[in-house]
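1. Following is a predicted model, sequence given first.
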Amino acid sequence: PSNEFRARALSAWLAVVAIQVGLAFWSQTLEGSDTEPLYEYDLAIGSFFAYGILIGITFWIASAYQDRTDALGLRPYAWRWLGIAAAVVIVSIILAAALEPLLHAGEEQGLSPDEWRPERANAFLLNSIVLVTLTPFAEELFFRGLGVRVLGFLGSTAAMVGTALAFGLAHGLLIALPTLLVLGIGLAWVRIRAESVWPGVIAHAAYNGVALAILFATLE
């Protein structure tokens, strides 16, 4: 695209990042310590709404490029990149586990319930499905798919670090930033080298799935 279109795409992407970061930190001030969103249908409904909008905006911004599919990284990939993306996830999970006793990022995020509530199992299942399907697709498409492309003019390193920082801050939890940065930089590297966003989507889904499985296994 021309410099004008590239500048517009970059400006739009940065504006959406700023909105996400602002809303994420604002929402942290609203959540009470007794909330258990994984047991509430509102989480799934809100996620469908919010991520649906994010996906739509992502495709709209990508229309600034001649080949929108290519710009978003929606391309076939070599299977080896799934293994490499899986390694990124494993490293991120190990880091998160090592830092949890110090930072308590999982607890501060506010998603983890204190105990198993069988009467809310359906809501828990629906929210889990959303977290391992819609969430990773929307976030990878926006941050790694589009983000790597709009920041690409700064070079690969800046694109990886920039998208990872935006991804981490958009979660509104500074104490989780080290883990999110490692995950974000690793998946951005895979996105660039594989020229596809799909390994990152699948790895991100696995990351969320493992986190939910660990949470479920530890509920009393």
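-> Structure received. Given the structure is predicted, the values throughout are model-derived calculations rather than measurements.
2. which residues of this protein fall in helices?
-> 3-28, 41-62, 68-72, 80-103, 105-109, 121-132, 134-139, 147-150, 156-169, 177-194, 198-218 (DSSP state H).
3. quick one, what contacts the residue sitting nearest the centre point of the chain?
-> Central residue of the chain (CA atoms, centre = their mean): Glu139, 4.1 Å from the mean position. Contact analysis of Glu139 by CB atoms under 8 Å, 6 or more residues apart in numbering lists Leu54, Phe167, His204. Glycine gets a C-beta too; all of them are placed from N, C-alpha and C.
4. Tell me the spacing between it and His204.
-> Between Glu139 and His204 the computed distance is 7 Å (CB to CB, to the nearest Å).
5. Then Asp114?
-> Asp114 sits 26 Å away from His204, going by CB to CB.
6. Between the two, tell me which one has more neighbours.
-> His204 (27 against 10; other CB atoms under 10 Å).
7. The more buried one contacts Ala138, doesn't it?
-> No. Contact between His204 and Ala138 fails when scored by CB atoms under 8 Å: they sit 10.0 Å apart.
8. ok now stretch 62-77, how far from the chain's centre?
-> Distance of stretch 62-77 from its chain centroid, counting by CA atoms, centre = their mean, to the nearest Å, is 19 Å.
9. ok, and what's touching that stretch?
-> Contacts of stretch 62-77 (CB under 8 Å, 6+ apart): 1, 5-6, 8-9, 58-59, 141, 144-146, 148-149, 191, 194-199.
10. run the last query once more with 6 Å
-> 1, 5, 8-9, 145-146, 149, 191, 194-199 (CB atoms under 6 Å, 6 or more residues apart in numbering).
11. and the least confident of those residues?
-> pLDDT across these is lowest for Pro1, at 55.
12. Low-confidence stretches in the chain?
-> 1-2, 31-35, 103-111, 220 (pLDDT under 70).
13. Quick check: which of the helices of the chain is buried the most?
-> Greatest average neighbour count among these goes to helix 147-150 (a mean of 26), per mean count of other CB atoms under 10 Å.
14. helices or strands up against it?
-> Applying 3 or more CB pairs under 6 Å, 6 or more residues apart in numbering; DSSP states H and E, we find helix 147-150 packed against helix 3-28, helix 156-169.
15. Now tabulate these in TSV and tack on distance to Val91.
-> Shown next, in TSV, are the helices and strands packed on helix 147-150 (distance: least, CB to CB, whole Å):
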stretch	distance to Val91
helix 3-28	24
helix 156-169	14
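16. for those, which one sits closest to Leu215?
-> helix 3-28 (19.3 Å; CB to CB).
17. And that closest one, how far out from the chain middle?
-> Distance, stretch centre to chain centre, for helix 3-28: 15 Å (CA atoms, centre = their mean).
18. Stretch 203-217 now?
-> For stretch 203-217, the distance to the chain centre is 13 Å (CA atoms, centre = their mean).
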